[in-house]
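Just the structure for this:
(chains A and B)
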Amino acid sequence: MLGIDLVFIPEFRERVEISGGEILRRAFQPSEMNGQQLEHLAGLWAAKEAVVKAAPIVPTKWTDIVITHDDSGRPSARLRSMEFAISISHHGDYAVAVAMRKHE
Amino acid sequence: MTNDHFGDFVASFQKHEERSAMTVRPFLKVERLRYGELQRRVYQTAQYLSAREIGSGDRVMVVANNSPQWVQLFLGAQLVGAILVPTDSTASSATTLGFAKDTEPKLVFRNKHLHSELDAYPVEDLEDLAEQIDEHPATPPNVKLSGAQAGLIVFTSGTTADPKGVVLTQRNVLANAESALRLLHVGPDWRFLSVLPLSHMYELTGGLLAPLSNGASIFYVPSSSPSALLRALQEYHVTTILAIPQLLVLLLERIRAAAAEEGKAKTLATSLRLSAALPVPLRRLLFRDIHSQLGGQLHLVVTGGAPIPIEVGAVWERLGVKLLQGYGLTETAPILTMNPLHGRRLDSAGIPLDNVQLRIGDNGEIQAKGPSVFREYWRNPTASSEAFTSDGWFKTGDVGHLQHGWLYIQGRLKFAIVLSSGLKVFPEDVELVAGRYSLLRSVCIVGVRRAGGEEVVAVVISDGSDREIDRAISDINVHLESFQHIVEWRRWPEALFPLTRLRKIDRGKVQDWANTMAADENPRASAPRGRGDPIVDVILQCMDEPRGEIEDADRLSDLGLDSLRRLTTVALIEDELGITIKEEDLTTSTTVARLRELVAAGSPAERPTRRPSWPFRQWVRLFGDATRDVLVRGIVAIWVRMTVEGRENLNDLDGPALYIFNHSDDFDGPVVYQALPRRIRRRLAVAAADDVMRAHKVLAFIVRFCFAGFNLRRAEPYMPGLEYIGTLVDHGWCVALAPEGRLSTDGMLQPFKSGIGLLAVNLGVPVVPVKTIGLFGTVPLHAKWPKRHSTVTVRIGEPMRFDGHMDYEKVTEQLHKAVQDL
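Got it, this is the predicted structure:
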């Protein structure tokens, strides 16, 4: 299954500010946020949305989806025992991400 | 101990070098800063600011939540002679921009990802301060300081016209903190929970500088939702809080709701009546259940910001909590009067601090003089000269009277309602009476202009019908002097009154509205936007373009609430209504009506899992360990023949660690306990299933007494339990737990709950895998007594360490494998 999501960064920023940063704490683990700029977090959010679309089950919490980067910086996502290949791109005000479930 | 400037103040930290100054828990791990370390970091911050060419008189603005970094920045700025401009982190972008334009800061610190409106200024994330200062020397900067040096510009809250920047000197602030300290006798063993924003002088002086002057410790919470505050009170065994009356009302509501839920509302009411005749220790004994919810140590609440309704204050006193009311203004840095610890009066604002002089002016206005009184407003000579009398007394703008040295406040001069007869009515007096009527959720009394004078008008928020409100108002009038009578009431069109930064009702705005309404032929036309429905208000904030009508049958997707906006909705509901709902309960097909149900069923009265602190006391451990050794070792010895392998792996372990074991049998807790060396057992706490502990009181006692056991939930919410483990580790305890979360039915290792991965990654302590082999079936599931003898091998693996950047799910799997492979 394949999933894709597009995030308009100014709107993402506005949501973060309205909630006083609270939605970041609900959406990401501290390890995912480490040293990330807001633009990158918008990309990670897009990736999580894409994973939801690609996953056969609906995650109960956003933090159930964990995004990690390997040594070369390539991101991947995990939802329980499922692994997803993801790809994130930014341009201007937009961040886009696609996710595809890996089969063992 | 008198400090004239902050150089001396920070140097005095040396006296308490090893004591804990501040504690914070950004995630699971408790981070503690001792006085010595705080002093070093303040020096490094000052050196860093110097390197950024911040010097005497330069402004540094901070728009951020309370945190140790905030404090470091404040003190560091003082040491280089800079002027800090503290601004509430929840302020609107227009407000922060206005303050920035007014003060022209050379550097702005803000919370990561927030307040992008300040991008045009040189900005830094306050969270990164620790990294920035790392390279700088921990020595005092070579800057000559004096008490007359301006240290702060604090903007007054907007209750009175435009905010004005109050310039406070280092001496103003320190004189006030030290005088307050002399009155309160803050001891080094006091524990303060910081609830109010540090951008307000009340918290800065009373909640930060007073405790720091005498070696007390301060705790910061990442969120100020009522549930987070209650949890912090419990976990940190807080002794003292500075609060505004609103918070005290809210906490009481929670206590009452919890009592009502258990069918004890009447008992509580009766006990409260009786306890008035009891001495404080007996009151605390009578209400020990309530006190244990508040952490068991809360002895003192200092309130300010607004007058506290006497009934509310009386209830706190009857619970056995000392309630001190004080009075002050930003311009006086801020405390002018305070109740002393002995001889408190609930109806008075207290006696003047020992370095404050008070007098009552001609119009009844309170006037003040003393070392903590400011000299001027920032770049506003007109307002500055208007603020003082010709003989140099500061005019507070409040009306009151002094009686044998005690100050009684009547209200703000500005909002006194001048009737056509020339008599004055103070809204505060009328509100104190109106506050007794629970039908009126909130009341704001204002003056509305009529020919010849003003009239007393009540603006109310209520769920009652017009008839019910009419009746309540006539009841209130019976209890008022005839000239104070409310002549008219209006329903406020929103769920909440507009609030100032200290969450006081913004009386000015309500008054303007009431006057426009009165002048307007068609009142509805000028009503502010909002539906008077808190849920609709939250949804409106989350929508792009507010629609005309929001119906109960509307689905969230119809309203354009995508996943990001739904998450914002959940966050706002917790923030504004104090109710926690699960984010997974909101989907695209959730209707507004369903959201309403979720909020109604939400958790205002949710009772946190009880984790008493007595099992961890030294003498309890002494007896508990002895009892366990005799009894449990005996019982284990009868049923289990035990060999232990791998004990040498523990030789290098010093300090806290997590011990994880497979859960194959109810007997494994005691077996693992016995298998560990005595020096570890002495500081070992064992996690036990919360549901089991709640259901079996005797078992719970034994587990707590013999094994230093504590409850750990196996269902949502998990976080409080994990945070509690963080607290135990912080206190130097090792923790043993079974990450499978439930007993194995076939003896095979089941998957681990990922909480263990989160703990391993975030706490930074070693995790030791332990496996029991051959125990399965000794006490089978649901059996009450051992069914067979077993020969058991306990294998202790090598300690594993993880760092904070690792993926906790992967770590969970690694730990699973480690136990599996033993």
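
Show me what from chain A comes close to chain B.
Proximity of chain A to chain B, by C-beta under 8 Å from any C-beta of the partner chain, involves residues A:7, A:11-13, A:15-27, A:29-31, A:34, A:38, A:41, A:45, A:49, A:52, A:59-62, A:66, A:68, A:78. Any C-beta I mention is one placed from the backbone N, CA and C, and that applies to glycine too.

just the buried members of those?
Neighbour counting with 16 or more other C-beta atoms under 10 Å in any protein chain shown marks A:7, A:12-13, A:15-27, A:29-31, A:38, A:41, A:45, A:49, A:52, A:59, A:62, A:66, A:68, A:78 as buried within the residues of chain A next to chain B.

re the thing from before, return the subset of the residues of chain A next to chain B lying in strands.
Judged by DSSP state E, the residues of chain A next to chain B include A:7, A:66, A:68, A:78 as members of strands.

In this structure the last one contacts B:Tyr808, no?
Right, A:Arg78. No - proximity of A:Arg78 to B:Tyr808 does not meet the contact threshold set by C-beta atoms under 8 Å, at 10.3 Å.

Which residues are in contact with the closest residue to chain A within the stretch 351-500 of chain B?
Distances between the stretch 351-500 of chain B and chain A by C-beta to the nearest C-beta are smallest at B:Leu499, namely 15.4 Å. With contacts defined as C-beta atoms under 8 Å, 6 or more residues apart in numbering or on different chains, B:Leu499 is in contact with B:505-506.

Over to it: give its phi and psi.
Backbone geometry at B:Leu499, expressed as degrees, to the nearest 10, gives phi -120, psi 150.

what pairs with it across the strands?
Counting by DSSP bridges, B:Leu499 is bridged to B:Ile505.

Distance-wise, check it relative to B:Asp506.
6 Å (C-beta to C-beta, to the nearest Å).

Domain-wise, how is chain B divided?
B:1-171, B:416-526, B:534-600, B:614-821 (automatic domain parsing).

Now render the ones you listed as CSV, adding mean pLDDT and distance to A:Gly73.
Converted to CSV, the domains of chain B look like this (pLDDT from 0 to 100; distance: least, C-beta to C-beta, whole Å):
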stretch, mean pLDDT, distance to A:Gly73
domain B:1-171, 92, 21
domain B:416-526, 81, 43
domain B:534-600, 79, 26
domain B:614-821, 86, 13
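
Am I right that B:Thr516 sits in a strand?
No - with DSSP: H, G, I helix; E, B strand; the rest coil as the criterion, B:Thr516 is located in helix rather than a strand.

What count of nearby residues applies to it?
14 (other C-beta atoms under 10 Å in any protein chain shown).

what do you get for B:Ala120?
Quick note: B:Ala120 (other C-beta under 10 Å) scores 9 neighbours.

same thing with A:Val98?
Neighbour count for A:Val98, taken as other C-beta under 10 Å: 20.

beta partners for it?
Assigned bridge partners for A:Val98, using DSSP bridges, are A:Ile4, A:Ser87.

ranges for the helices of the stretch 1-150 of chain B?
Assigned by DSSP state H, counting those that start in this stretch, the stretch 1-150 of chain B shows helices spanning B:6-11, B:35-51, B:68-79, B:93-103, B:129-133.

quick one, which of the ones you listed is nearest to chain A?
Closest among these, using C-beta to the nearest C-beta: helix B:93-103, at 8.1 Å.

Contacts only, for the nearest residue to B:Ile366 once chain neighbours are set aside.
Spatial nearest neighbour of B:Ile366, excluding adjacent residues (C-beta to C-beta, 6 or more residues apart in numbering or on different chains): B:Thr396 at 4.6 Å. B:Thr396 makes contact with B:329, B:331-332, B:336, B:365-368 under the criterion C-beta under 8 Å, 6+ apart.

What of B:Ser199?
Residues in contact with B:Ser199, defined by C-beta under 8 Å, 6+ apart, are B:62, B:86-89, B:154, B:501.

give me the beta-bridge partners of the nearest residue in space to it that is not next to it in sequence?
Once flanking residues are discounted, B:Ser199 sits nearest to B:Pro86: 3.9 Å by C-beta to C-beta, 6+ apart. When assigned by DSSP bridges, B:Pro86 has beta-bridge partners B:Val62.
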